[in-house]
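S.K.: predicted model follows, preceded by the sequence.
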Amino acid sequence: MNNKIIVAGVLILAVLLVAGCTSQAPVQNQTGSNPPANTPPGTIPPVATIGPVKEFNMTATSFSFSPSTITVNKGDRVVLNIQNTDTKEHGFSLATFNIIQTLPVGQTTTIRFTADQTGEFNFFCSVFCGTGHGDMRGKIIVN
């Protein structure tokens, strides 16, 4: 009796395994997503347009960022290369874009994000660095 139960269990598992392996998944296009319902067969819809890359070299030193104001356009991919030239650690916080990054002494830290909102957004040093810490700030303007 025990052997019959084991054999039956193995057969059920085998059937489930074969059924799972042979089920058809939706056809995907080259972007890795399903084509929209109105896309003619054999065509690939356009990929979302991504803006140009805007790269900035910045320095973080005693109580300032340089440059302290950066201007980009909505949709731009922004790259900030921030070199900490100070003798103490600093930080970079840009809350609107969910960025909080430590800037180690003597190193350059690269921060990347897409400017997907328009407006003026403040950034500041997120690591206490002394009496002028509150003055260590700037803004990113997204047109």
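M.R.: Noted; the coordinates are in hand.

S.K.: neighbouring strands of the helix or strand hosting Phe56 in the sheet, and parallel or not?
M.R.: Assigned by DSSP states H and E, Phe56 belongs to strand 53-61. If you go by DSSP bridges, strand 53-61 pairs up with strand 64-66 (antiparallel), strand 77-84 (parallel).

S.K.: buried residues in the longest one?
M.R.: Residues 77-78, 80, 82-84 are the ones in strand 77-84 that count as buried (16 or more other Cβ atoms under 10 Å). (Glycine included, C-beta is placed from N, CA and C.)

S.K.: can you redo the residues you listed as a markdown table with pLDDT and distance to Gly132?
M.R.: Shown next, in a markdown table, are these (pLDDT from 0 to 100; distance: Cβ to Cβ, whole Å):
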| residue | pLDDT | distance to Gly132 |
| --- | --- | --- |
| Arg77 | 96 | 32 |
| Val78 | 96 | 26 |
| Leu80 | 97 | 21 |
| Ile82 | 97 | 18 |
| Gln83 | 98 | 19 |
| Asn84 | 97 | 15 |
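
S.K.: closest to Phe97 out of the residues you listed?
M.R.: Closest approach to Phe97 among the buried residues of strand 77-84 (Cβ to Cβ): Val78, at 8.6 Å.

S.K.: contacting residues for the closest one?
M.R.: 53-56, 70, 72, 112-115, 140 (Cβ atoms under 8 Å, 6 or more residues apart in numbering).

S.K.: quick one on the thing from earlier: reformat the strands paired with strand 53-61 as TSV; add distance to Phe128.
M.R.: Below are those laid out as TSV (distance: least, Cβ to Cβ, whole Å):
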stretch	distance to Phe128
strand 64-66	15
strand 77-84	14
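
S.K.: hang on, the earlier thing: so which of the contacts of Val78 is the most crowded?
M.R.: With neighbours defined as other Cβ atoms under 10 Å, the most crowded of the contacts of Val78 is Ala115; it has 24 neighbours.

S.K.: so, low pLDDT: which residues of the protein?
M.R.: 1-3, 5-50 (pLDDT under 70).

S.K.: closest to Cys129 out of the buried residues of strand 77-84?
M.R.: Nearest to Cys129 among the buried residues of strand 77-84, counting by Cβ to Cβ, is Asn84 at 9.9 Å.

S.K.: many thanks, I have nothing further to ask.
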